[in-house]
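> okay, here's the prediction I keep looking at, along with the sequence it came from:
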Amino acid sequence: MSEDETPRIPDFKLADSAFVLSQPGLTSRHNEARSYLLTQIKEEKLAPYYALLARDSSSPVLEWDETFYNSLVAANEAEIESLKKSIQEVEEKDEGQLETAEGYKRLGDYYARIGDRNNAITTLKKAYELTPSTGAKIDISLTITRIGFFFGDTVFVEKQLEQTNTLIEKGGDWERRNRYKMYKGLYSLSIRDFETASTLLIDSLATFTSTEISTYEQLAQYASIAGAITLNRVDLKKRIIDSPELLSLLPTTPELAPISSLVISLYTSDYQPYFKYLLQTNDEIMLPSRYLSAHANFYLREMRRRAYAQLLESYKALSLKSMAEAFGVSVEFLDADLCRFIPNKKLNCVIDRVNGIVEKQTR
């Protein structure tokens, strides 16, 4: 990590790995996720997080080892005692409010690193109260926001982002405003606000610095996912397909291939492989993501609806057989799928089953 990068506190890869282990449908990824978790828990002495995953959860994802846990606790207690002693010495010497705030921030960061949510938030809020500068307050507020992200608490994240935004409006510099935009985009993605997520995440591609919450490759996936479902054809071409940032990643980032192929298939009206790319996007990007998994079924439906609507735009009427052939599916599947969208006006058409025709309706 460079000096300019914000520390990865807490480590989001831990939460990502724990999520993967909690999903029965992701068994092919379980060994890698378990290995990462156990290695980091051992090396970083993550006693509270280990307890959460192996003992306190209603659905534990790791095996419980009391002796191992006690060794982690002992290491944590020693470090916490040292950090608290440093704070006490600063307070006794009356070295100043800033130094005291720094001491509480170091302690809060440590709690956050080991997965002690409550102590981390309480301690960081103490540091926040003592910190005089707006910039430092924003940094602490964003750290607290990351704790919410880490534990999947979107309600908490929303409230913390509101507080952060208030601070930024008072005096946030470009770098902090830029980081906030990424956080807000990720939050929007997690609550299925794809419209807001698309705007913020695509903008973040050119100015990305928030390595503490996402890799650049993950951002590229998120931006593409949100853009594919919300952008019109002109913007889809301009902001996703022809994006210099995304184009530069494609040759070296195989995890972008499914969503990139899906977007191109949609834009070029190449419907034959469209469902294949949609399923790949679902299996390789949506389901393994703790932000996107809950919205996977919605995304599948909406992206099917979008492709159907686009094809029907070009015709007054189209035979069910021709339309099914265009998508490489059976007439029975297409008929049933269209009927999911037509009654609630998600598709502007009717099915004439006598003649086997889909007719576009005029509004």
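Yep, that arrived.

> tally of neighbours for Y271?
Y271 has 19 neighbours, counted by other Cβ atoms under 10 Å. Where C-beta positions appear, they are placed from N, C-alpha and C, glycine not excepted.

> can you list the domains in the chain?
Here the domain assignment for the chain is 1-152, 315-362, based on the TED database.

> any idea which of the ones you listed is most buried?
Across the domains of the chain, averaging neighbours per residue (mean count of other Cβ atoms under 10 Å) puts domain 1-152 on top, at a mean of 17.

> and that domain, how far from the chain's centre?
The chain centre lies 19 Å from the centre of domain 1-152; the measure is Cα atoms, centre = their mean, to the nearest Å.

> where does the prediction get shaky in the chain?
The chain contains residues with pLDDT under 70 at 1-4, 363.

> what about the most centrally placed residue in it, distance to M303?
Per Cα atoms, centre = their mean, the C-alpha nearest to the average position across the chain is that of Y291, at 4.1 Å. Applying Cβ to Cβ, to the nearest Å, the value for Y291 to M303 is 17 Å.

> kindly report the same for N70.
N70 sits 50 Å away from M303, going by Cβ to Cβ.

> where do the helices sit along the stretch 1-150 of the chain?
Here the stretch 1-150 of the chain has its helices, by DSSP state H, counting those that start in this stretch, at 12-22, 30-44, 47-51, 66-92, 97-114, 117-130, 134-150.

> that's a strand at E359, yeah?
Yes: when DSSP: H, G, I helix; E, B strand; the rest coil is applied, E359 is found to be in a strand.

> surely it and L347 touch.
No: assessed by Cβ atoms under 8 Å, E359 is found out of contact with L347, at 11.2 Å.

> check which helix or strand covers E212.
Under DSSP states H and E, no helix or strand contains E212.

> now do it: how many residues are near it, please.
Around E212 there are 20 residues (other Cβ under 10 Å).

> gap between S265 and A220?
Separation of S265 from A220 (Cβ to Cβ): 18 Å.

> neighbour count winner among the two?
Of the pair S265 and A220, A220 is the one with more neighbours under other Cβ under 10 Å, namely 27 against 19.

> residues contacting that one?
Neighbouring residues of A220 by Cβ atoms under 8 Å, 6 or more residues apart in numbering: L205, E245, L246, L249, T253, L256.

> how does it look with 10 Å?
Contact analysis of A220 by Cβ atoms under 10 Å, 6 or more residues apart in numbering lists 201-202, 205, 208, 214, 240, 243, 245-246, 248-250, 253, 255-256, 259-260.

> mind checking the SS state of L318?
Per three-state DSSP, the secondary structure class of L318 is strand.

> beta partners for it?
Beta-bridge partners for L318, by DSSP bridges, are V358.

> that older thread, tell me the SS of the residue nearest to the centre of the chain?
coil.

> same thing with the one 10 residues further on?
When the structure is split into helix, strand and coil by three-state DSSP, R301 lands in helix.

> and for it, the neighbour number?
For R301, using other Cβ under 10 Å, the count is 14.

> was I right to think it contacts F341?
Yes: under the criterion of Cβ atoms under 10 Å, R301 makes contact with F341 at 8.0 Å.

> wait, which of the helices of the stretch 1-150 of the chain is closest to K170?
helix 134-150 (5.7 Å; Cβ to Cβ).

> could you list every helix and strand in contact with the closest one?
helix 12-22, helix 97-114, helix 117-130, helix 154-171, helix 174-190 (3 or more Cβ pairs under 10 Å, 6 or more residues apart in numbering; DSSP states H and E).

> report the angle between that helix and helix 174-190.
If you take axes from the mean of the first three to the mean of the last three Cα atoms, to 10 degrees, helix 134-150 sits at 20 degrees to helix 174-190.

> could you give the angle of helix 134-150 to helix 12-22?
Computed by the same axes, to 10 degrees, the angle separating helix 134-150 from helix 12-22 equals 10 degrees.

> send the alpha carbons of helix 134-150 over as CSV?
The C-alpha coordinates for helix 134-150 follow below in CSV (Å, rounded to 0.1, in the frame of the first residue of the first chain):
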residue,chain,number,x,y,z
THR,A,134,-13.2,18.7,8.9
GLY,A,135,-10.9,16.6,6.7
ALA,A,136,-9.9,14.3,9.5
LYS,A,137,-13.6,14.0,10.7
ILE,A,138,-14.5,13.0,7.1
ASP,A,139,-11.8,10.3,7.2
ILE,A,140,-13.1,8.9,10.5
SER,A,141,-16.7,9.0,9.3
LEU,A,142,-15.7,7.1,6.1
THR,A,143,-14.0,4.5,8.3
ILE,A,144,-17.1,4.1,10.4
THR,A,145,-19.1,3.8,7.1
ARG,A,146,-16.7,1.0,6.0
ILE,A,147,-17.5,-0.9,9.2
GLY,A,148,-21.2,-0.8,8.2
PHE,A,149,-20.4,-2.1,4.7
PHE,A,150,-18.2,-4.8,6.2
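
> tell me what angle it forms with helix 97-114.
Relative orientation of helix 134-150 versus helix 97-114 (the same axes, to 10 degrees): 20 degrees.

> what's the closest non-adjacent residue to S190?
Nearest residue to S190 in three dimensions, chain neighbours excluded: Y291, at 4.4 Å (Cβ to Cβ, 6 or more residues apart in numbering).

> residue contacts, the one you found?
Contacts for Y291 (Cβ under 10 Å, 6+ apart) come out as 16, 19, 149, 152, 154, 186-192, 197, 214, 218, 222, 225.
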